[in-house]
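Peer 1: no sequence for this one, just the structure:
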């Protein structure tokens, strides 16, 4: 329910500044939650949960507003600007946002996906292994996002440097649709990208999947999408967050039992949001390459933090992740199991 307040008083002039202040307060009241997410397979929880009505059924008196972003850093900026309240983002931006926000005003609420990113090479790139990377042009989404962190770390671990650091590998940070265009034109040799883009590049553009990112991780699992929120919103709206988390987990369980319908819902979302759809084969392959889970896989978040720090994304004065996890007292053990770890 949206409330509009009009104050009228004889001889009193209500200034625009006061009106604006009231508007801001009302827009951030307890009866509203603004959520950001991406049009990627790894963001199936908000896409499917909203379409199936899991969130609205649990929050009947709350207005749910949505915004679609292309990268984590964009969503983090929106959180900083107080234009959204919660977001589904990768671990790189989540850690970056926590450490760079005022008073560490970001909390990890739960996991949302594991895996779902791959390194795809152009058919004319002559790349068969990391030994062939020198002099190549490689793309990843926005700088400091999770795929960018993974790409640059992989290069360093294999003794390679980016061109801006005096090395021979050219890294281009552009949005996924632009990476698609560059790949078609042959202007890049490879790309570190999430699903469904990775499978699209393989099935539609004759790209070769050099490796799945999870193959580089311990136990072949890493957090690729997290549910995060502004701490100030959480503190004022704990009951809303509790209901959102319940719906989040309900959606996880439904998706893992209804793969075919999940694909249909995701395709309908793409058609409505972007005016395009995916083939059945791309949908099936993309979803098979990712795990939809509420487990944030905390150890992988710690690794992402160290990698981001080593790349200079977190400054040079050290970092501390204490307090990054939110714990809901009402959900108790259920939430502990959901997040696997909290501090």
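Peer 2: Here it is on my side, so go on. Quantities reported herein were computed from a predicted structural model and do not represent experimental measurements. Numbering: from 1, shown residues only.
Peer 1: what about the stretch 1-150 of the chain, any weak spots by pLDDT?
Peer 2: The stretch 1-150 of the chain contains residues with pLDDT under 70 at 1-30.
Peer 1: residue boundaries of the strands in it?
Peer 2: Counting by DSSP state E, counting those that start in this stretch, one finds strands in the stretch 1-150 of the chain at the ranges 32-37, 63-68, 86-89, 106-115, 117-121, 137-140.
Peer 1: Can you give me the separation between residue 296 and residue 192?
Peer 2: As judged by CB to CB, to the nearest Å, residue 296 and residue 192 stand 21 Å apart. Yep, even glycine has a C-beta here, placed from its N, CA and C like the rest.
Peer 1: re the thing from before, among the strands of the stretch 1-150 of the chain, which is the most enclosed?
Peer 2: When the strands of the stretch 1-150 of the chain are scored by mean count of other CB atoms under 10 Å, the highest mean neighbour count falls to strand 86-89 (a mean of 29).
Peer 1: List the contacts of that one.
Peer 2: Applying CB atoms under 8 Å, 6 or more residues apart in numbering, the external contacts of strand 86-89 come out as 33-38, 43, 45-46, 69, 72, 75-76, 78-79, 97, 109, 112, 225-230, 233, 241, 244.
Peer 1: and stretch 305-319, which residues are buried?
Peer 2: 305, 307-309, 311, 313-314 (16 or more other CB atoms under 10 Å).
Peer 1: Kindly reformat these as JSON lines containing pLDDT.
Peer 2: As requested, the buried residues of stretch 305-319 are exported to JSON lines (pLDDT from 0 to 100):
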{"residue": "305", "pLDDT": "97"}
{"residue": "307", "pLDDT": "96"}
{"residue": "308", "pLDDT": "95"}
{"residue": "309", "pLDDT": "96"}
{"residue": "311", "pLDDT": "96"}
{"residue": "313", "pLDDT": "94"}
{"residue": "314", "pLDDT": "94"}
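Peer 1: how does this protein divide up, domain by domain?
Peer 2: What automatic domain parsing lists as the domains of the chain is 32-115+221-339, 117-220.
Peer 1: so how far does the shortest one reach from one end to the other?
Peer 2: This points to domain 117-220. Domain 117-220 has an end-to-end distance of 12 Å (criterion: CA to CA, to the nearest Å).
Peer 1: the helices in the stretch 1-150 of the chain, which residues?
Peer 2: For the stretch 1-150 of the chain, applying DSSP state H, counting those that start in this stretch gives helices covering 16-27, 44-52, 54-58, 72-80, 91-100, 146-157.
Peer 1: can you give me the offset of the fourth one from its chain's centre?
Peer 2: Helix 72-80 has its average C-alpha position 10 Å from the chain's average C-alpha position, going by CA atoms, centre = their mean, to the nearest Å.
Peer 1: same thing with the fifth one?
Peer 2: A distance of 11 Å separates the C-alpha centroid of helix 91-100 from that of its chain, computed with CA atoms, centre = their mean.
Peer 1: Going by neighbour count, list what's buried in it.
Peer 2: If you call a residue buried by 16+ other CB under 10 Å, then helix 91-100 has these buried ones: 91-99.
Peer 1: Run through the neighbouring helices and strands of that helix.
Peer 2: Counting contacts by 3 or more CB pairs under 8 Å, 6 or more residues apart in numbering; DSSP states H and E, helix 91-100 is packed against helix 72-80, strand 106-115, helix 146-157, strand 223-230, helix 298-310.
Peer 1: can you tell me which of the ones you listed comes nearest to residue 61?
Peer 2: Nearest to residue 61 among the helices and strands packed on helix 91-100 is strand 223-230; the distance by CB to CB comes to 19.1 Å.
Peer 1: Next, the angle strand 106-115 makes with that closest one.
Peer 2: Per axes from the mean of the first three to the mean of the last three CA atoms, to 10 degrees, the angle that strand 223-230 makes with strand 106-115 is 160 degrees.
Peer 1: Paired strands for strand 223-230, with orientation please.
Peer 2: As defined by DSSP bridges, the strand partners of strand 223-230 come to strand 86-89 (antiparallel), strand 106-115 (antiparallel).
Peer 1: Kindly reformat those strands as a markdown table containing distance to residue 140.
Peer 2: What follows is the strands paired with strand 223-230, written out as a markdown table (distance: least, CB to CB, whole Å):
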| stretch | distance to residue 140 |
| --- | --- |
| strand 86-89 | 15 |
| strand 106-115 | 16 |
